[in-house]
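# quick check, what structure comes out for this input:
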Amino acid sequence: MDAIHGLTLVDPSFWRVVDTPEVQRLRWIRQTGLAHLVYPGLEHSRFAHAIGAYGVSRRVFAQLKDATISTGLLGPSDLDPELELAFTTAALCHDLGHTAFSHVLETLLLPKGFRSHEDCTLELLRRGGKVGKAIENRCDLDQVIDLLKGAHWNDGLCKLLSGQIDVDRWDYVMRDAAAAGVVYGRYDLDWLILSLSLYPDSERRPRLLIEAHRGLVAMEHFLAARRSMYQQIYYHPTVRGAERLLRAVFERACDPTRPKSYKKETTNDIPKCLHTVLKGTGARPTLDEFIATDDTTIIAALKRWSHSATDPVLRYLASSLFDRRLFKEVRFDPAEVESARATVKATVRKALKSRTASDLPAVSLAHDMSG
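Residues are numbered from 1 along each chain as shown. This next block holds a predicted model:
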């Protein structure tokens, strides 16, 4: 039972995929990173979102099958049960490669060689781990990977997994808005799904079609809702300040110029999966270390540093996040950014010389907020 989409029926093989460590890890990653520091209701996980995207994908596939086969645009073999399993499984697993706190620490915690969480997701499926084996017992793993890569012969289904209108966005906009208690994310999902169809191009490759007389208004409402969610929730100045503070904590912990005594104590009582990152050499975690890292891992490190780090800057930054002493938004004209950056650096240096860590001001390096 889902709080947003209601009852979702599944088959027995679905649970064998859900119960793998790679999928269960999503229970311990917040869907919206640090946005709960502004909107307290935003505590839901990427696991809940994955289940929601799966439920939406089942409805979408049923609509496409009804709309295209009944009209003769495609034949039964174009949307067979095997493809349905692959499509819905891809929707379930599309976020496996997300780092702890979602996008906030992605540049630091992704394994070496991966530029995005999408790349990491594909590798988790390919590498022969438990989730890949469970999927192989359910459907064609290669089809799942091709759908997520956008390389599948059914281009319409690829677009519905990664596009401007896809099952991922349809779920998180509605789910995040409901959790935050705002009205911005409301739109007519039922009518939007009802407007979907597929049509074969000149090469008989199915393309996504949205019937304007049915779905145009619903589409406009969805796009407006998504834009509003970014403006009011995801890009809220306080949320951005919290995200910058969290990154500042790890920038300090990984700073190779810190005294050796600080570097040594940084890893004390810290989960081993973070040790590679905290060496300060720019090293990235292995895939196994990545799977062992989630929000709880980061919180454990932050709590340790906030109470007993010998590095006063690290202790101050970590405790600021826990006590919600967040960075404030300061807007600069682009031409003044470098001058402002120098001023902030000078202020911080002066404060470090004259005050204890508990008295340090909540300032960060200036950045251009004019765009």
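
# please make it C-alpha for all contacts and neighbour counts, starting now.
Will do.

# centroid residue for this protein?
Ser102 (4.0 Å; C-alpha atoms, centre = their mean).

# and Ile233, what does it touch?
With contacts defined as C-alpha atoms under 8 Å, 6 or more residues apart in numbering, the neighbours of Ile233 are Ala35, Val239.

# show me where this protein has its strands.
196-200, 206-210 (DSSP state E).

# same for the first one, what does it pack against?
Looking back up the chat, that one is strand 196-200. In terms of contacts (3 or more C-alpha pairs under 8 Å, 6 or more residues apart in numbering; DSSP states H and E), strand 196-200 is packed against helix 46-69, strand 206-210.

# burial count for the spatially closest residue to Ala248 that is not a sequence neighbour?
The shortest distance from Ala248 to any non-neighbouring residue, by C-alpha to C-alpha, 6 or more residues apart in numbering, is to Leu317 (7.4 Å). A count of neighbours around Leu317, defined by other C-alpha atoms under 10 Å, yields 27.

# likewise for Tyr172?
Tyr172 has 21 neighbours, counted by other C-alpha under 10 Å.

# from what I see, it and Ala48 are in contact.
No: contact criterion C-alpha atoms under 8 Å: Tyr172 and Ala48 do not qualify, at 9.7 Å.

# domain boundaries for the protein, per the record?
Per automatic domain parsing, the structural domains of the chain span 12-234, 237-324.

# format the ones you listed as a markdown table; extra columns: mean pLDDT.
Shown next, in a markdown table, are the domains of the chain (pLDDT from 0 to 100):
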| stretch | mean pLDDT |
| --- | --- |
| domain 12-234 | 92 |
| domain 237-324 | 89 |
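
# straight-line length of stretch 183-193, end to end?
One end of stretch 183-193 sits 21 Å from the other (C-alpha to C-alpha, to the nearest Å).

# quick one, helices of the stretch 1-150 of the chain?
Secondary structure of the stretch 1-150 of the chain, counting by DSSP state H, counting those that start in this stretch: helices at 12-18, 21-24, 46-69, 81-93, 106-109, 117-126, 130-136, 141-149.

# let's have these in TSV, adding mean neighbour count and distance to Gly156.
Shown next, in TSV, are the helices of the stretch 1-150 of the chain (neighbours: other C-alpha atoms under 10 Å; distance: least, C-alpha to C-alpha, whole Å):
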stretch	mean neighbour count	distance to Gly156
helix 12-18	16	23
helix 21-24	18	26
helix 46-69	22	10
helix 81-93	23	11
helix 106-109	18	29
helix 117-126	19	19
helix 130-136	20	22
helix 141-149	21	10
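
# in TSV, list these along with distance to Val313.
Listed next are these as TSV, based on distance: least, C-alpha to C-alpha, whole Å:
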stretch	distance to Val313
helix 12-18	41
helix 21-24	35
helix 46-69	32
helix 81-93	39
helix 106-109	20
helix 117-126	30
helix 130-136	41
helix 141-149	42
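
# do you know which of those helices lies nearest Asp323?
For these, proximity to Asp323 was assessed by C-alpha to C-alpha; helix 106-109 is nearest, at 23.6 Å.

# for stretch 257-274, buried residues please.
Using 16 or more other C-alpha atoms under 10 Å as the burial criterion, the residues of stretch 257-274 that qualify are Lys263, Thr266, Thr267, Ile270, Pro271, Cys273, Leu274.

# in those residues, find the pair that's most separated.
The widest separation within the buried residues of stretch 257-274 (C-alpha to C-alpha) is 16.3 Å, between Lys263 and Cys273.

# distance of Leu223 relative to Arg59?
20 Å.

# please apply the same query to Arg214.
17 Å.

# can you check Gly132 too?
From Gly132 to Arg59 the distance is 24 Å (C-alpha to C-alpha).

# ok, back up a step: do you know which of the strands of the chain lies nearest Asp142?
Per C-alpha to C-alpha, nearest to Asp142 of the strands of the chain: strand 206-210, 18.7 Å.

# so which bits of the closest one are buried?
Pro206, Arg207, Leu208, Ile210.

# what is it packed up against?
Using 3+ C-alpha pairs under 8 Å, 6+ apart, strand 206-210 is in contact with helix 155-159, strand 196-200.

# now these as TSV including distance to Thr89 and mean neighbour count?
Listed next are those as TSV, based on distance: least, C-alpha to C-alpha, whole Å; neighbours: other C-alpha atoms under 10 Å:
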stretch	distance to Thr89	mean neighbour count
helix 155-159	12	21
strand 196-200	20	20
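
# make TSV from the ones you listed and add distance to Leu42 to it.
Output for the helices and strands packed on strand 206-210, formatted as TSV (distance: least, C-alpha to C-alpha, whole Å):
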stretch	distance to Leu42
helix 155-159	28
strand 196-200	30
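
# of these, which is nearest His236?
Closest among the helices and strands packed on strand 206-210, once you apply C-alpha to C-alpha, is helix 155-159, at 28.6 Å.

# how close does Ala212 get to Ala340?
50 Å.

# of these two, give the one with the bigger neighbour count.
Ala340 (18 against 12).

# measure the residue nearest to Ala248 to His307 for me?
11 Å.

# just Gly75 next, same as before
64 Å.

# with Ile135 instead?
Counting by C-alpha to C-alpha - Ile135 and His307 are separated by 43 Å.
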